[in-house]
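**Student:** attaching a predicted model along with its sequence, questions to come.
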Amino acid sequence: MGWISNTLQSLISGIAVGSTYAIVALGFTIIFSSTEVVNFAQGEFVMIGAMISYWLTYDDFGLRWPLYVVVPIAVAVSAVVGLLLGWVLMRPRKDASPISLIIITVGASVLLQGIAGNQWGKDAVPVPPFTAVDPPPLDLGAIFHNGSLFPVSVQSQQLWVMGLMVLLVIGLTLFFNKTMVGKALRAVAVNKHGARLVGINVSRLVMGAFALSAAMGALAGAAIAPISTGNYAMGAMMGLKGFAAAIVGGLGNFTGSIVAGVLLGVLETCGAGFLPPEFAQYKDAFAFIILLLVLFISPNGIFALWRRKKAVRA
Amino acid sequence: MLKLASVVTAYGNTEVLHGVSLHVRAGEVVALVGANGAGKSTLLNTISGIVPARRGSVLFDGKEIGRAAADRIVRLGLSHVPEGRQLFGPLSVRDNLLLGAYSRGRADTRAHLHDDLEHVLDTFPRLRERLEQRAGTLSGGEQQMLAIARGLMARPKLLLFDEPSMGLAPRVMEEIFRAIGELRHQGLTVLLVEQNARWALRIADRGYVLENGRLVLDGTAEEMLDNREVQRAYLGKGYREVWE
Ligand SMILES: Nc1ncnc2c1ncn2[C@@H]1O[C@H](COP(=O)(O)OP(=O)(O)OP(=O)(O)O)[C@@H](O)[C@H]1O
Ligand SMILES: [Mg+2]
C-alpha cells in the first residue's frame, strides 16, 4: 500500500506547487488581457517575494522581523517594482508594438535577477514557514478502516499555499465582478478605445494591473519559498512554468490559468515520482513537454478544445 | 460652449484636418456632414481627446482641451458616442451603463447613479428588459441605444454622435432620432455626424459640410437643405438638373 501513500503525498505537494504556478499564470493573464504584453518579468516578482522574506528574517544585522511584517513588506516592494515596470511600459508612444514592450519585460527580468544576485548571492537561501507546527499526519485509511492504511503527512506551509491561492482567486473574482475598478480593468481588456471614451485613464489602470500581478507573484514567492527554498534565479523557472500554465489554460483565460497551473504542478510532482533517480533533473522539462503536447492538440489551450466541442454540440 | 479654431490633426505624417474652425452654442444641435474619409470621425476624436490636435485650439466651456487627455475631457462634461459603438461586449448591459458613469468617480452617490440609470432606461425602454444580457449579444439597434445611453451616464453637457444611424433599419433609426430629439428638449447640446444628411439636418439647428479635411460650407439647417451643392452631394436630390 506504500504506493498509494506516495501518490497522495505527491498529489498534495503537486497541488501546493501548482498553486503558485496558478498565481503566476493569473499574473500573466491579467497583464496580457489588458495590454497584449506577455510580461516575462512575472517570475521575478516571485523571486522578490521569496528573497525579501529571507532577507528580513535571516539578515546579518540581527533584524529578525516576524513574518506577518515581512511578507506584507515583500508584497509591497514587489508591487512598487511592478508599478514602475508598468510605468516604463506605458511611456513609449502608444503605437509601440507589443513585441518591443515584451523585450522591455525581458530586459527588466535580467536586470532584477542581476540586482538580486548581487544583493543576496547565488546560493539557495532558507525562508521560514508561516507557522512552525505541522499538522499531525493525516490518515485517510483511518476514515474507512481502523488502522493506518495510507498515512500522508501534510506540511502546514503546503496548506498555507493552497489556502492563499483559494483566497486570492475568490478575491480576484470579487474584484473583477463587483468593484468599479475591476470592471474598468475588464473594460480596458475588451475595448481600450471604448474605455478611453468613458473616461477611464487606461495607462493608470494598466499600471495598477502591473502592481496587482506583482503583488500576487510576491505573495506566491513568500509562500512557496519555505518549501522550495529561495534563490536569486528562481524567477526564470517560475516565470516559465507560470507562462506554460497560462498558455495551456488559453492565454487570457482566468479559469484556464488556475486549472492549468495546478495541473502542471501535480503532473510534474507525480511525474518525478515515476522517473528513475538518474533522470530526476528532467522534472522541470515536464512542464514543457505538456505545454508542447497541448499546443499540438489545441493551439488555443485546453479550454479552447472544450469550448469547440461545446460549440459543435450546440 | 464648444469652439474650434484652425484645428490641424494628423496621423503620423498624414494630415487629415487642415485647419477646421467651428462652434456649437449651448442648447444647439449642430450637424456635420461629409463624404467617407472627409475626416468627420477624426474631428470628433480630436474634440474628445482620443487623437490630440497638432495645432489650433479647442475650447470647451472656456477651457482649452486641444491636447488634454480623454479622461479629463469626459470629466469636464463631454461625451462621445463613437462610430462602431465601442461597447464592452462580454460585460452586461448594466455594467456598460455603470462604466459610462466611471468618470463621475466615487464623489457621486449611489442614489444619483441609480436615478440616472432609471432615467436612461426610461429613454430606452428596450434596454431595461436586457440589463443582465451581455452587450455583445444585443441587436445592432439596441447596441446603438446602449452606446448613447452609456454616453448619457457621464451626465454630459455636450454629446458628440458619430453616425448613430449606421447599419440600422429605418424604423430603428427613427427611434434613435426621436431619442436625440428628446435629449435636446432636456437641454443637451449635440454635435451630430451623419451620413444621412437629410435626417441630420431635419433635427439640427445648423450644419457644416466637411470636405477633405476642410469646412466648405455652413449655415442654418434650412439653408443647407435648400442649398444646391448640399442637395447634389449629400441629399441625392436634383441629380438630373445638374447634368442636364
Ligand atoms: N487611426 C488612423 N490612422 C491613420 N489614418 C487614419 C486613422 N483614422 C483615420 N485615418 C484616415 O483619416 C482620413 C479621415 O478618416 P475619418 O475616419 O475621420 O473619416 P470620416 O469622415 O469619419 O469617414 P466615414 O464617413 O467613412 O466614417 C481617412 O483618409 C482615413 O484613412
Ligand atoms: Mg467616420
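**Tutor:** That came in fine, so what should we check first? Just so it is clear, the structure is predicted and the values come from calculations on it, not from any experiment. Ligands and ions are numbered 1, 2, ... in the order given.

**Student:** what about stretch B:158-169, distance to the chain center?
**Tutor:** Taking Cα atoms, centre = their mean, to the nearest Å, one finds stretch B:158-169 lying 6 Å from the centre of the chain it belongs to.

**Student:** any part of that stretch near chain A?
**Tutor:** No: looking at stretch B:158-169 against chain A by Cβ under 8 Å from any Cβ of the partner chain, there are no contacts, and the closest approach is 9.8 Å. Every residue, glycine included, has its C-beta placed from N, CA and C.

**Student:** what about that stretch and ligand 2, any contact?
**Tutor:** No: Stretch B:158-169 is not in contact with ligand 2 by Cβ under 5 Å from the ion; minimum separation 5.9 Å.

**Student:** in that stretch, what's buried?
**Tutor:** Buried residues in stretch B:158-169, counting neighbours by 16 or more other Cβ atoms under 10 Å in any protein chain shown, are found at B:L158, B:L159, B:L160, B:F161, B:D162, B:E163, B:P164, B:S165, B:L168.

**Student:** for the residues you listed, which one is nearest B:L138?
**Tutor:** B:L138 lies nearest to B:L168 out of the buried residues of stretch B:158-169, by Cβ to Cβ, at 12.5 Å.

**Student:** just the pLDDT for that closest one.
**Tutor:** If you check B:L168, the pLDDT there is 86.

**Student:** that one: what secondary structure?
**Tutor:** Classification of B:L168 into helix, strand or coil gives coil, according to DSSP: H, G, I helix; E, B strand; the rest coil.

**Student:** and the nearest residue to it once chain neighbours are set aside, how far from chain A?
**Tutor:** The spatial neighbour of B:L168 that comes closest, neighbours along the chain excluded (Cβ to Cβ, 6 or more residues apart in numbering or on different chains), is B:G141 at 5.3 Å. B:G141 sits 18 Å away from chain A, taking Cβ to the nearest Cβ, to the nearest Å as the criterion.

**Student:** can you show me the strands along the chain?
**Tutor:** By default, I'm working from chain A. For chain A, the strands identified by DSSP state E occupy A:138-139, A:151-152, in order along the chain.

**Student:** switch to chain B, that's the one I care about
**Tutor:** For chain B, strands defined by DSSP E occupy the ranges B:2-11, B:14-24, B:29-34, B:55-60, B:63-64, B:78-81, B:158-162, B:189-193, B:206-211, B:214-220.

**Student:** who are the contact partners of the residue of the stretch 151-300 of chain A found nearest ligand 2?
**Tutor:** Across the stretch 151-300 of chain A, the shortest distance to ligand 2 (Cβ to the ion) belongs to A:H193, at 13.3 Å. Counting by Cβ atoms under 8 Å, 6 or more residues apart in numbering or on different chains, A:H193 makes contact with B:I50, B:P82, B:Q86.

**Student:** how far away is the first one from A:Q9?
**Tutor:** Using Cβ to Cβ, to the nearest Å, one gets 57 Å for the distance from B:I50 to A:Q9.

**Student:** and residue 119, how many neighbours?
**Tutor:** Picked chain A for this. Each residue near A:Q119 was counted by other Cβ atoms under 10 Å in any protein chain shown, and the total is 11.

**Student:** nope, chain B
**Tutor:** Residues lying near B:H119 (other Cβ under 10 Å) number 14.

**Student:** from chain A, how far off is it?
**Tutor:** When distance is defined by Cβ to the nearest Cβ, B:H119 is 17 Å away from chain A.

**Student:** once you drop chain neighbours, what's closest to that residue?
**Tutor:** Nearest one to B:H119, counting by Cβ to Cβ, 6+ apart, is B:L152 at 7.9 Å.

**Student:** the one you found against B:G100, yeah?
**Tutor:** Yes: using Cβ atoms under 8 Å, B:L152 is in contact with B:G100, at 7.1 Å.

**Student:** quick one, which of these two is more surrounded?
**Tutor:** With neighbours defined as other Cβ under 10 Å, B:L152 and B:G100 compare such that B:G100 has more, 28 against 24.

**Student:** so for the more buried one, what's the pLDDT?
**Tutor:** Reading off the per-residue confidence, B:G100 sits at a pLDDT of 95.
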